[in-house]
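Trainee: got a predicted structure here, sequence first:
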Amino acid sequence: MYQFFVKSSQIQGTRVVITGNDVNHMKNVLRLKPGEEIAVRCGVDDKEYRCGIEEYTKDQVICSLRFVREEGVELPSKIYLFQCLPKADKMELIVQKAVELGVHEIVPVAARRCVVKLDEKKAQAKVNRWQGIAEAAAKQCRRGVIPAVKMPMTMKEALSYAEGMDVRLLPYELSQEDMAQTRKIIEGIGPGKSVAVFIGPEGGFEEGEVEMALAVDVTPVTLGRRILRTETAGLVVLSWLMYHLE
């Protein structure tokens, strides 16, 4: 069954109106017919609205609400991925897979060793692209919300943004902790806690950035004996958290 996102205002009692690019996609690409059932979410309340297609107009799809499923599909904790900007198009893969694994928000971080340098104009274009990928992934995996992709931050700004989060983890290849300690930290994360995960760039965090994180009580952890690529490390942590929380 196909799923689409709408604004809350488009759910009008027992009538649901779909607009925008989805109209052409539903009609001419998916070739959905009146009477077929679709799932609709507003990305706010984690409810799934089951609707039947009533008719197509020039720029709308008119649907009738059949029933509402209230069991949530979201993780019981909000996971924030602070991902240092990688080279090439690796960020697109990271965004797509992080959304599938249940991330709540993705924050690109411009660390000192990041090869990619974005000015404000380029950054906005990139974020728009990544946000589109997040929305497509959320539709595909039937997420209840569309995770937000924020504008890039410096490491200092990212640490400040994460200040009030309950658990803040920094996987670090030079961490003195062992996997038993990492497991203990993961298992101590209960439902409702917010979790920040800081993933370094290809060259790793600079020592000064790690010291900055430790100074505000971010917890260093190890991901094992092997050095993981930046596009792998965050997905490993998200997988562990998904398994633990669900």
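Mentor: It's in.

Trainee: please make it C-alpha for all contacts and neighbour counts, starting now.
Mentor: Fine.

Trainee: now residue 129: which helix or strand?
Mentor: Taking DSSP states H and E as the criterion, residue 129 maps to helix 120-140.

Trainee: next helix or strand past that helix?
Mentor: Next in sequence after helix 120-140, counting helices and strands by DSSP H and E, comes strand 148-149.

Trainee: what's next to that following strand, contact-wise?
Mentor: 104, 105, 106, 107, 108, 127, 130, 131, 134 (CA atoms under 8 Å, 6 or more residues apart in numbering).

Trainee: verify the contact between residue 103 and residue 235 for me.
Mentor: No: in this structure residue 103 lies outside contact range of residue 235 using CA atoms under 8 Å: 9.7 Å.

Trainee: so between these two, which is more surrounded?
Mentor: Taking other CA atoms under 10 Å, residue 103 and residue 235 do not tie; residue 103 has more neighbours (25 against 21).

Trainee: which pLDDT value goes with the more buried one?
Mentor: You'll see residue 103 listed with a pLDDT of 97.

Trainee: do the same with residue 177
Mentor: On the pLDDT scale, residue 177 gets 74.

Trainee: quick one: residues contacting it.
Mentor: 220, 221, 222.

Trainee: can you tell me how far it sits from residue 185?
Mentor: With distances taken as CA to CA, to the nearest Å, residue 177 is found 11 Å from residue 185.

Trainee: what do you get for residue 153?
Mentor: Distance, residue 153 to residue 185, using CA to CA: 26 Å.

Trainee: more neighbours: which of those two?
Mentor: Ranked by neighbour count (other CA under 10 Å), residue 153 and residue 185 place residue 153 first, with 18 against 14.

Trainee: now that one. Nearest residue, chain neighbours left out?
Mentor: Once flanking residues are discounted, residue 153 sits nearest to residue 109: 4.9 Å by CA to CA, 6 or more residues apart in numbering.

Trainee: the one you found in helix, strand or coil?
Mentor: Recorded secondary structure, residue 109: strand (DSSP: H, G, I helix; E, B strand; the rest coil).

Trainee: just give me the neighbour total for it.
Mentor: Residues lying near residue 109 (other CA under 10 Å) number 26.

Trainee: check contacts around it.
Mentor: Shown in contact with residue 109 (CA under 8 Å, 6+ apart): 82, 83, 84, 85, 152, 153, 154, 155, 158.
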